[in-house]
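Undergrad: Quick one: sequence plus predicted model below, questions after.
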Amino acid sequence: MCINNRMEENNLNIEVLISRYLSGEANHSETEIVDKWKAESEENFLLFRDYKKIWDNSRNLKPLLSINIDNEWEKLSGKINFNEVTLANKKRSFPLMKIAAVLLFLAVTVFVANYFLNTNGTNKMNVEEGPKEVMLADGTKITLNKNSSIEYPDKFDDDIRSVQIDGEAYFEVEKDKKKPFIVKAEDLNIRVTGTSFYVNTGENNQIVVIVKEGQVEVYKDENSKIKVGPNERASFDKTRKEIIKEGIEDDNYLAWKTKKLIFKDKKLEKVIQSINKAYDCEIVLANKENSNCRFTDTFDNLSLDAILNLLKANFDFQVSKTGSKIELKGGGC
């Protein structure tokens, strides 16, 4: 019980110190405590940033600036039964609770007001038919594949550039070493300062990150950071919550964007899979024995009909189309 009380009091203390820090009332010792706490982890840093954003936005709300702590406490105390709360040190804890309760009231009020003021709006783009490009305020370019979405702000704050992705996307991040760029992909974080990389949150119960240029940090928390460089792939298993780094197996992971496919002695089964993904089509081999046939060629921005004609010529296929399904019949290696 004593440990829990101490933890709760420590959390309360840091919130009070942050409020003094942001208002300019903190002394030298208190300022050092907050700065040290911010540097302990990225989680603390991001939490401080959120506090600061709420604090800064509250300046747009004149009525809130004139809030009197004692008056608001009188209003709140009548609604809260503190007889049910056991405190280890009532004289010390009561002022902290008093300030914290009013800070909570202030934070909630500012949050609601900020939502309606929309001082820095958040955009959400849903792409049903891709690929589609979006340019962010810092010059970063993102290409989204079909059935993907992204959330991003109108402008980035002074500390960090952060977006949230669901689906498949290619990032070309504008360099800014002083302002890291963080992509949140479900449970995974991808941190960069300026580079280009690919993200897919829906590949076989995995989140996949492939770096084309530069280097990125991939992590679930501060203790699981892995650096990924050019032509390397990081896979995050959603079930086991593990990150594995390996070399890339498929050079055509960006074909949905570039429409360029390169095959060097690839199994025909894999070739068909890559074409289907790049062109959003459904090609099937009628004779499964042809799956292990080998194929070498390069398709550079060809039409789907041109690709089908090349496959037909190489393997003597008959092409049959039924609705959206394309069947390759007959033929052989």
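TA: Sure, I can see it.
Undergrad: Now the phi/psi pair for R294, please.
TA: phi -100, psi 150 (degrees, to the nearest 10).
Undergrad: wait, A286
TA: phi -70, psi -40.
Undergrad: what's the pLDDT at the closest residue to it other than its chain neighbours?
TA: Nearest non-adjacent residue to A286, counting by C-beta to C-beta, 6 or more residues apart in numbering: K329, 4.3 Å away. Where C-beta positions appear, they are placed from N, C-alpha and C, glycine not excepted. At K329, the pLDDT value in this model is 89.
Undergrad: close enough to count as contact, K329 and F315?
TA: No: K329 is not in contact with F315 according to C-beta atoms under 8 Å; the separation is 10.6 Å.
Undergrad: more neighbours, the two?
TA: More crowded of K329 and F315, by other C-beta atoms under 10 Å: F315, with 18 against 13.
Undergrad: can you tell me which residues contact the residue lying closest to the more buried one once chain neighbours are set aside?
TA: Among residues not flanking F315 along the chain, G331 sits closest, at 4.1 Å (C-beta to C-beta, 6+ apart). Taking C-beta atoms under 8 Å, 6 or more residues apart in numbering, we find G331 in contact with 287, 290, 312, 315-318.
Undergrad: Just the buried residues of the residues you listed.
TA: 290, 315, 317 (16 or more other C-beta atoms under 10 Å).
Undergrad: Take these and keep only those in helices.
TA: If you go by DSSP state H, those have F315 in helices.
Undergrad: So which residues of the stretch 101-250 of the chain form strands?
TA: 122-127, 132-135, 141-144, 148-153, 161-166, 168-172, 181-185, 188-192, 196-203, 206-213, 216-219, 226-228, 232-237, 242-247 (DSSP state E, counting those that start in this stretch).
Undergrad: As JSON lines, those strands with distance to W256, mean pLDDT and mean neighbour count would be great.
TA: Shown next, in JSON lines, are the strands of the stretch 101-250 of the chain (distance: least, C-beta to C-beta, whole Å; pLDDT from 0 to 100; neighbours: other C-beta atoms under 10 Å):
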{"stretch": "strand 122-127", "distance to W256": "12", "mean pLDDT": "88", "mean neighbour count": "13"}
{"stretch": "strand 132-135", "distance to W256": "11", "mean pLDDT": "92", "mean neighbour count": "14"}
{"stretch": "strand 141-144", "distance to W256": "9", "mean pLDDT": "95", "mean neighbour count": "20"}
{"stretch": "strand 148-153", "distance to W256": "10", "mean pLDDT": "93", "mean neighbour count": "18"}
{"stretch": "strand 161-166", "distance to W256": "15", "mean pLDDT": "93", "mean neighbour count": "21"}
{"stretch": "strand 168-172", "distance to W256": "7", "mean pLDDT": "96", "mean neighbour count": "23"}
{"stretch": "strand 181-185", "distance to W256": "17", "mean pLDDT": "94", "mean neighbour count": "20"}
{"stretch": "strand 188-192", "distance to W256": "19", "mean pLDDT": "93", "mean neighbour count": "22"}
{"stretch": "strand 196-203", "distance to W256": "10", "mean pLDDT": "92", "mean neighbour count": "19"}
{"stretch": "strand 206-213", "distance to W256": "13", "mean pLDDT": "93", "mean neighbour count": "20"}
{"stretch": "strand 216-219", "distance to W256": "20", "mean pLDDT": "94", "mean neighbour count": "22"}
{"stretch": "strand 226-228", "distance to W256": "21", "mean pLDDT": "92", "mean neighbour count": "18"}
{"stretch": "strand 232-237", "distance to W256": "17", "mean pLDDT": "92", "mean neighbour count": "20"}
{"stretch": "strand 242-247", "distance to W256": "21", "mean pLDDT": "89", "mean neighbour count": "12"}
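Undergrad: export those strands to CSV and tack on distance to L17?
TA: Below are those laid out as CSV (distance: least, C-beta to C-beta, whole Å):
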stretch, distance to L17
strand 122-127, 29
strand 132-135, 39
strand 141-144, 38
strand 148-153, 28
strand 161-166, 25
strand 168-172, 37
strand 181-185, 26
strand 188-192, 27
strand 196-203, 37
strand 206-213, 36
strand 216-219, 28
strand 226-228, 34
strand 232-237, 35
strand 242-247, 35
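Undergrad: Now for the contacts of G331: which two are most distant?
TA: Using C-beta to C-beta, these span at most 14.0 Å, a distance reached by N287 and K312.
Undergrad: Okay, and which of the contacts of G331 map to strands?
TA: Q318 (DSSP state E).
Undergrad: of all the contacts of G331, which comes closest to L268?
TA: The closest of those, once distances to L268 are taken by C-beta to C-beta, is N290, at 5.8 Å.
Undergrad: Check the gap between S320 and W256 for me.
TA: Applying C-beta to C-beta, to the nearest Å, the value for S320 to W256 is 25 Å.
Undergrad: what about those two, which has more around it?
TA: The neighbour comparison of S320 against W256 (other C-beta under 10 Å) goes to W256, with 19 against 13.
Undergrad: next one: phi and psi at the more buried one?
TA: The phi/psi pair for W256 (degrees, to the nearest 10) is phi -60, psi -30.
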